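Colleague: Next input, structure requested:
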Amino acid sequence: MTRRVLVARLDSTGDVLLCGPAVRAVAAGADEVWMLCSSRGAEAAGLLPGVDRVLEWDCPWITANPPAATPERLADLQALVTPGLFDSAVILTSFHQSPLPLALQLRLAGVPFMVGASVDYAGTLLDVRLRPGEDFPEELPEPLRALTIARAAGFDLPEGDAGRLQVVPGEPPANLGAGSPVVVHPGADAPSRRWPAEHFADAVRLLHAEGLDVVVTGGRGEMELTRLVSGDGAFARDLGGSTDLAAMAGLLERARVLVCGNTGPAHLAAAVGTPVVSLFSPVVPAVQWAPYGVPVILLGDQDAVCRGTRARECPVPGHPCLSSVTPGQVAEAVQALARTDVREEAPV
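Modeller: Just a heads-up that it's a prediction; the model follows:
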């Protein structure tokens with residue numbers, strides 16, 4: 001009989017990429033791994049080694065801008081997961097999320113064995129319940145948190161797998177050329193995590209003046225931003241709106257350095273071994289969410305008053321935790337990492 005395991009991670013692209021080592025651990029001990037993700041995370045799940053099938057469902061209690069919790073939406077989840085006939089489920093969550101609502105729905109769908117981490121009493125909803133702060137430290141990098149949950153379910157990485165992030169990259173953009181560019185990604189989903197666009201533009205001009213090949217990337221809704229940052233193509237190639245996640249991974253695999261905020265491409269760069277200049281707003285802890293397993297230079301005031309607030313909009317006028325970082329500091333950090341030829345492996 002096929003041992004089919006459901007791995008659930010119901011938030012965004014970066015969150016899904018960070019659970020890659022846990023997914024590979026499950027894949028090493030299962031015949032099939034299906035992954036349950038939101039519409040924002042499904043594309044990333046499709047790039048993870050070990051995932052056989054992706055199920056897509058937007059969750060009312062985890063997804064940003066969540067849909068309404070209605071009987072119809074929960075019935076959609078039941079209809080999605082029940083045919084899978086899963087032997088077990090590994091529910092991956094961050095410190096501020098609960099696995100229990102999903103565990104209840106999966107129990108009703110007939111999943112016989114479930115593992116998750118919860119500060120709340122789980123009753124019969126979880127067969128193995130890890131207690132954050134007791135069974136593992138709260139301030140644990142997200143990939144290690146997810147791997148800890150997978151190990152509690154009886155899965156571990158195979159011998160020789162060092163536990164770093166991994167994806168299967170696609171082909172980079174055809175017009176990339178033969179070199180290794182510096183990639184600048186100015187966008188981020190939450191305004192609190194964005195360095196000012198004018199600072200990004202000034203940094204790109206500095207990097208161009210230093211003779212570096214620069215590429216600016218962004219989603220389809222960020223094309224005005226990428227035009228501004230690239231100087232309308234005068235100082236960098238503007239690839240805004242022209243790369244899906246697989247092509248972005250291929251581009252980052254070729255890149256010397258990525259410059260970005262705390263956003264999905266930072267973790268995509270880590271998954272292909274590319275160093276990151278991280279403009280990191282401290283609204284979430286860097287120890288948990290900084291790019292994992294690659295050389296990183298972290299910029300931004302990590303002791304700012306917004307620290308740990310998880311705010312999506314900056315609560316402090318002027319956004320000082322990031323606006324205090326100068327374009328010159330970013331250019332210096334890029335040059336420092338560009339001289340680094342070390343592709344570090346993450347400890348497990």
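
Colleague: quick one, helices of this protein?
Modeller: Taking DSSP state H, the helices of the chain run over residues 13-18, 20-29, 42-45, 71-81, 100-108, 142-152, 197-209, 223-229, 245-254, 264-271, 286-289, 320-323, 327-338.

Colleague: The ones you listed: which one's closest to Val54?
Modeller: helix 42-45 (4.6 Å; CB to CB). All C-beta atoms are positioned from the backbone trio N, CA, C, and that covers glycine.

Colleague: For Glu72, grab the count of nearby residues.
Modeller: By other CB atoms under 10 Å, 7 other residues sit near Glu72.

Colleague: Endpoint to endpoint, stretch 190-200 covers what distance?
Modeller: 16 Å (CA to CA, to the nearest Å).

Colleague: And for stretch 292-306?
Modeller: 23 Å.

Colleague: Let's test this: mean pLDDT of that stretch, rounded?
Modeller: Across stretch 292-306, the average pLDDT comes to 94.

Colleague: Which positions in that stretch come out as buried?
Modeller: For stretch 292-306, burial by neighbour count (16 or more other CB atoms under 10 Å) applies to 292-301, 304, 306.

Colleague: quick one on the thing from earlier: quick one: closest of the helices of the chain to Leu126.
Modeller: It is, among the helices of the chain and with distance given as CB to CB, helix 100-108, at 5.6 Å.

Colleague: List of residues touching that closest one?
Modeller: 6, 8, 10, 59, 61, 74, 77-78, 81, 86, 89, 91, 114, 116, 118, 120, 122, 124-126 (CB atoms under 8 Å, 6 or more residues apart in numbering).

Colleague: Return a ChimeraX selection command for the buried portion of the residues you listed.
Modeller: Applying 16+ other CB under 10 Å to those leaves a buried subset, and the ChimeraX line that selects it is:
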select :6,8,10,59,74,77,81,86,89,91,114,116,118,122,125,126
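
Colleague: Keep only those of the contacts of helix 100-108 that are in strands.
Modeller: Counting by DSSP state E, those place 6, 8, 89, 91, 114, 116 in strands.

Colleague: For the first one, which residues are in contact?
Modeller: Translated: Leu6. Leu6 neighbours (CB under 8 Å, 6+ apart): 34-36, 55, 81, 84, 86, 88-90, 106, 111.

Colleague: farthest pair in the residues you listed?
Modeller: Leu55 and Ser88 (15.3 Å).

Colleague: who's more crowded, those two?
Modeller: The neighbour comparison of Leu55 against Ser88 (other CB under 10 Å) goes to Ser88, with 22 against 16.

Colleague: Looking at strand pairing, list the partners for the more buried one.
Modeller: Beta bridges link Ser88 to Val5, judged by DSSP bridges.

Colleague: try Phe136
Modeller: Under the criterion used (DSSP bridges), Phe136 bridges to Pro132.

Colleague: Quick one: residues contacting it.
Modeller: Taking CB under 8 Å, 6+ apart as the contact definition, Phe136 lies against 117, 130, 145, 148.

Colleague: Among the residues you listed, which pair sits farthest apart?
Modeller: Leu130 and Arg145 (9.3 Å).

Colleague: Now for these two: what residues contact both?
Modeller: Common neighbours of Leu130 and Arg145 (CB under 8 Å, 6+ apart) are 117, 136.

Colleague: quick one, which of the two is more surrounded?
Modeller: Remark: of Leu130 and Arg145, Arg145 carries more neighbours, 25 against 20, as counted by other CB under 10 Å.

Colleague: quick one: contacts for Asp120?
Modeller: Counted by CB under 8 Å, 6+ apart, Asp120 has contacts 98, 100.

Colleague: pLDDT of stretch 267-281, averaged?
Modeller: The average pLDDT for stretch 267-281 rounds to 97.

Colleague: C-alpha coordinates for that stretch, CSV please?
Modeller: Provided in CSV are the C-alpha atoms of stretch 267-281 (Å, rounded to 0.1, in the frame of the first residue of the first chain):
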residue,chain,number,x,y,z
HIS,A,267,14.5,32.6,0.1
LEU,A,268,14.5,31.6,-3.6
ALA,A,269,18.1,33.0,-3.8
ALA,A,270,19.1,31.0,-0.7
ALA,A,271,17.5,27.9,-2.4
VAL,A,272,19.9,28.2,-5.4
GLY,A,273,22.9,29.2,-3.2
THR,A,274,23.2,32.9,-4.1
PRO,A,275,24.3,35.4,-1.4
VAL,A,276,21.8,38.0,-0.3
VAL,A,277,22.1,41.7,0.8
SER,A,278,19.0,41.7,3.0
LEU,A,279,17.2,44.9,3.7
PHE,A,280,15.5,43.4,6.7
SER,A,281,12.7,45.2,8.6
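
Colleague: For the helix or strand of the chain with the lowest mean pLDDT, which outside residues touch it?
Modeller: Lowest by mean pLDDT, DSSP states H and E among the helices and strands of the chain is helix 320-323, with a mean of 92. Contacts to helix 320-323, defined as CB under 8 Å, 6+ apart, come from residues 194-196, 199, 261, 279, 281-282, 300-302, 304, 306, 314.

Colleague: Kind regards, and thank you for your time.
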